[in-house]
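Participant: Sequence and predicted structure below; questions after.
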Amino acid sequence: MQELEPLSRLFGVRFVALVTEDGVPIPVGEQSLTHDADRLAAVSQQFLSELVQATGPLTWGPPTWSRIASDRGGLALLRVRGGALLVIYGNEADPSTFKLPMQAAALRVTKSLERLGAGASELEKTAPALPRVDQVDAPSSDEHGSVSSDRVAADEHQNPSSTR
């Protein structure tokens, strides 16, 4: 995802990914080869979920920026619509310097997704409409067992309990 490339080039950044709400990671570049992206995504989404549950009653809204620090580095998360932006950094990096670049990257991703959505809606506008089927031919049998074709309204097919 090219919108996240500038973030991945910051000093101390080891891994960058966009994580969907259901925990699917979208890693940047070749970084996914050195880190277990699926596990990192699952841990980050679980952490955010527990953080929201713990702080929900105390705040106006869910937290948008959070981080976990350790001796060897840390994990920074920025909530975005539909998921979170995940950055793994080394101990040589200052995590407070990531907040603004992460917000900029999140904005780039959001705009890119809006353009894709606008492109899809334009495609829907220009695509030919499929004919609407209001009636369906269905075979029926008379009292002698011979089969003929009757026109049946589509709403009868939607409600199978109705009889003729």
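Facilitator: It's in.
Participant: drop to CA atoms for contacts and neighbour counts, all remaining ones
Facilitator: OK.
Participant: if you average pLDDT over stretch 39-54, what comes out?
Facilitator: Averaged across stretch 39-54, pLDDT comes to 82.
Participant: what does it contact?
Facilitator: Residues from elsewhere that reach stretch 39-54 (Cα atoms under 8 Å, 6 or more residues apart in numbering): 19, 21-25, 62-63, 77, 84, 86.
Participant: Local confidence estimate at G83?
Facilitator: Here the pLDDT value assigned to G83 is 82.
Participant: wait, what's in contact with it?
Facilitator: G83 makes contacts with 18-22, as judged by Cα under 8 Å, 6+ apart.
Participant: In three-state terms, how would the closest residue to P63 other than its chain neighbours be classified?
Facilitator: The spatial neighbour of P63 that comes closest, neighbours along the chain excluded (Cα to Cα, 6 or more residues apart in numbering), is V52 at 6.8 Å. State at V52, reduced to three classes by DSSP: H, G, I helix; E, B strand; the rest coil: helix.
Participant: separation between V52 and L58?
Facilitator: Distance of V52 to L58, given as Cα to Cα, to the nearest Å: 10 Å.
Participant: Please identify the helix or strand for the nearest residue to W65 once chain neighbours are set aside.
Facilitator: When the adjacent residues along the chain are set aside, W65 lies closest to L78, with 4.7 Å between them (Cα to Cα, 6+ apart). Using DSSP states H and E, L78 maps to strand 73-80.
Participant: what sits against the closest residue to G56 other than its chain neighbours?
Facilitator: Taking Cα to Cα, 6+ apart, and ignoring the residues beside it in sequence, G56 has P62 as its nearest neighbour in space, at 6.2 Å. Contacts of P62 were listed using Cα under 8 Å, 6+ apart, and they are 52, 55-56.
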